[in-house]
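Q: Provide a 3D model corresponding to the input given below.
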Amino acid sequence: MRVGFIVQGLPGEGYHGGALTCWSVVRELIRSGHQVCVISLFDVTEGNPYLKSRGQQEAALRREGAEVVVIEYAMEALTGARSHDPLAKFGRWIGRICSAPDGLAYLMPWVKLAEEVRRALAGREFDGFLCYHFDALAAVHPLCLSPMLAVVGDLWHLPGYFRWREGSFSLSKYAVRGIRVALESMIAERAMSTLLASTTSCGAFAGHYAEWLKAHGFPKTLYFRTPVPDAAGPKWDLLRSEARAGRTGGKHRVLVIGDLATTSTSSGLRAVAHAVLPRLVDEFGEDGFELRLVGGGAPPNDIAPALRKPYVCFAGRVVPADPEFLAADVMIVPTNIPLGIRVRVITAWSFGCPVVAHRANASGIPEMRHGENSLLADTDAQLVDAVLRVLTDHTLRSGLSAGGRGTFERSFSESVAGQQIVKEMERLAGAQATNRS
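A: Numbers count the residues shown, from 1 in each chain. Next comes the predicted model:
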């Protein structure tokens, strides 16, 4: 089977959750004996943080055996100039709601890349197509490719909604921005429906999003568990022991990982700054622990001063992040909104790194079990208590390590979770071949 894999950006290890997920899917397709052509929609504007790693990611994909075709674009060229006059904006929003085609192009400008994708596909034969997320799906929507499996991450309207909800109170927030969020949510639901209606099969990587799509017109939506590479392998426990023994200073090490500017990470950083850090100082002193913030971007300005402490290390983006997971005593996932799936949780499990998380994260990963593979908290106070328990209770820490690793092996390894997607692609391609004959 020859698969055309259309994706925004490039699959790769260690860059962000979506890239890692796509990397695992590509690898499992190839290991299953299939040919993969990655058709990448790549933003070449200077603001793209992955511009510098493009060559490495392309080379890594080719080493795995994938063909790579890159379609370059500049985001500003797709979106065009937009007036900032409030009345003009309001008119645009209303117009988008009343016009489905314009609404699709307004929210998902990648639809304008359809002709370039058509040219990239010319002369290549495929048995099926796999699209990762709505942006890539928009780019191929006018082409009516079949059979098409679309697998999505976040529902398109939710990141903007949560950014609005998490912001500080102001009259303009509710009188102006609130209207915009409501209107764009309406457009987004309509656009998502339009895109998914043209697919042969669809799925979601977050459990609660699969259920949402089932309830909103797509009852056959599949829940795909997120595949993650097994970088540690069967010796994960030994690797963890060696990494933790190699740390200097004998301090407890706490890990928070993820791009510090994204909605999913920044929403929980306030709990880290104002609840976790003060308690850790009280319990262990300023010299008794280290909090490592691993990821690109910068934290919100209002909490940055609380994080600039001698016991907080801004490690930046670490690729690969394997040593961080192995050496940490605990990873905190303080995200307190039910947004998407935290691939960092599954990656931590693969390394046997104990996880403490806000319960909101179990919405996307229903396999999370309190006391078995993670400790789940409903409040900031519970989050801090859970972190302290893991740091001071060796038996609990070991149990969470083993429980997380077991969950990874049973449900999220490439050979298990990746095979779910491979089997669905094989089913679609087989059905297409039968229909043709």
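
Q: Run through the helices of the stretch 251-400 of the chain in chain order.
A: For the stretch 251-400 of the chain, helices defined by DSSP state H, counting those that start in this stretch occupy the ranges 263-271, 277-284, 304-307, 322-327, 343-350, 380-392, 394-407.

Q: Please identify the most buried of these.
A: helix 343-350 (a mean of 28; mean count of other C-beta atoms under 10 Å). Heads up, the C-betas are built off the backbone N, CA and C, glycines and all.

Q: same for that one, what does it pack against?
A: helix 17-31, helix 322-327, strand 330-333, strand 355-358, helix 394-407 (3 or more C-beta pairs under 8 Å, 6 or more residues apart in numbering; DSSP states H and E).

Q: Dump those to CSV, plus distance to Tyr311 and mean pLDDT.
A: Formatted as CSV, the helices and strands packed on helix 343-350 follow (distance: least, C-beta to C-beta, whole Å; pLDDT from 0 to 100):
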stretch, distance to Tyr311, mean pLDDT
helix 17-31, 27, 96
helix 322-327, 16, 96
strand 330-333, 14, 97
strand 355-358, 18, 97
helix 394-407, 20, 98
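
Q: Can you lay out these as JSON lines showing distance to Leu78?
A: Shown next, in JSON lines, are the helices and strands packed on helix 343-350 (distance: least, C-beta to C-beta, whole Å):
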{"stretch": "helix 17-31", "distance to Leu78": "19"}
{"stretch": "helix 322-327", "distance to Leu78": "35"}
{"stretch": "strand 330-333", "distance to Leu78": "33"}
{"stretch": "strand 355-358", "distance to Leu78": "35"}
{"stretch": "helix 394-407", "distance to Leu78": "40"}
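
Q: any weak-confidence spans in this protein?
A: Along the chain, the model assigns pLDDT under 70 to residues 81-103, 157, 159-181, 263-264, 432-437.

Q: Select the longest strand from it.
A: Assignment by DSSP state E gives strand 35-43 as the longest strand of the chain.

Q: nearest to Thr199, of the helices and strands packed on helix 343-350?
A: helix 17-31 (16.3 Å; C-beta to C-beta).

Q: Next, the angle from the closest one to helix 263-271.
A: Counting by axes from the mean of the first three to the mean of the last three C-alpha atoms, to 10 degrees, helix 17-31 points 130 degrees away from the direction of helix 263-271.

Q: Enumerate every residue touching Glu67.
A: Gln35, Val36, Cys37, Val38 (C-beta atoms under 8 Å, 6 or more residues apart in numbering).

Q: Neighbour-wise, give me the winner out of the residues you listed.
A: Val38 (25 neighbours; other C-beta atoms under 10 Å).

Q: all strands in the stretch 51-200 of the chain, in order from the N-terminus.
A: In the stretch 51-200 of the chain, the strands defined using DSSP state E, counting those that start in this stretch lie at 67-73, 128-132, 148-152.

Q: So what's the gap between the second one and the chain middle?
A: Relative to the mean C-alpha coordinate of its chain, strand 128-132 is positioned 18 Å out (C-alpha atoms, centre = their mean, to the nearest Å).

Q: Dump the helices of the stretch 251-400 of the chain to TSV, plus distance to Gly250.
A: Listed next are the helices of the stretch 251-400 of the chain as TSV, based on distance: least, C-beta to C-beta, whole Å:
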stretch	distance to Gly250
helix 263-271	26
helix 277-284	11
helix 304-307	23
helix 322-327	13
helix 343-350	22
helix 380-392	13
helix 394-407	15
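
Q: I'd like to know which of these lies nearest to Pro227.
A: Comparing those by C-beta to C-beta, helix 343-350 comes nearest, at 8.5 Å.

Q: now that closest one and helix 17-31, what's the angle there?
A: Angle, helix 343-350 to helix 17-31, by the same axes, to 10 degrees: 60 degrees.

Q: just to revisit the earlier point, show me which of the contacts of Glu67 is closest to Glu409.
A: Distance to Glu409, by C-beta to C-beta, is smallest for Val36 among the contacts of Glu67, at 24.7 Å.

Q: Check which residues of the helix or strand where Gly430 lies are buried.
A: Using DSSP states H and E, the element containing Gly430 is helix 419-436. Of all the residues in helix 419-436, those buried under the rule 16 or more other C-beta atoms under 10 Å are Gln419, Gln420, Ile421, Val422, Glu424, Met425, Glu426, Leu428, Ala429.

Q: Show residues contacting the longest strand of the chain.
A: In contact with strand 35-43 (C-beta under 8 Å, 6+ apart) are residues 1-11, 26, 29-30, 48, 54, 61, 65-75, 110, 113, 117, 120-121, 124, 126, 135-136, 139.

Q: can you rerun that using 7 Å?
A: By C-beta atoms under 7 Å, 6 or more residues apart in numbering, the residues outside strand 35-43 that reach it are 2-11, 26, 29-30, 54, 61, 66-75, 110, 113, 117, 120, 124, 136, 139.

Q: returning to that earlier point: nearest approach to Asp385 belongs to which of the strands of the stretch 51-200 of the chain?
A: Among the strands of the stretch 51-200 of the chain, strand 148-152 comes nearest to Asp385, with 35.2 Å by C-beta to C-beta.

Q: Domain ranges for this protein, per the record?
A: Using automatic domain parsing, the domain parsing of the chain gives 2-227+414-436, 233-412.

Q: about what we covered before: can I get the strands of the stretch 51-200 of the chain in CSV including distance to Pro305?
A: Shown next, in CSV, are the strands of the stretch 51-200 of the chain (distance: least, C-beta to C-beta, whole Å):
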stretch, distance to Pro305
strand 67-73, 38
strand 128-132, 38
strand 148-152, 37
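
Q: Kind regards, and thank you for your time.
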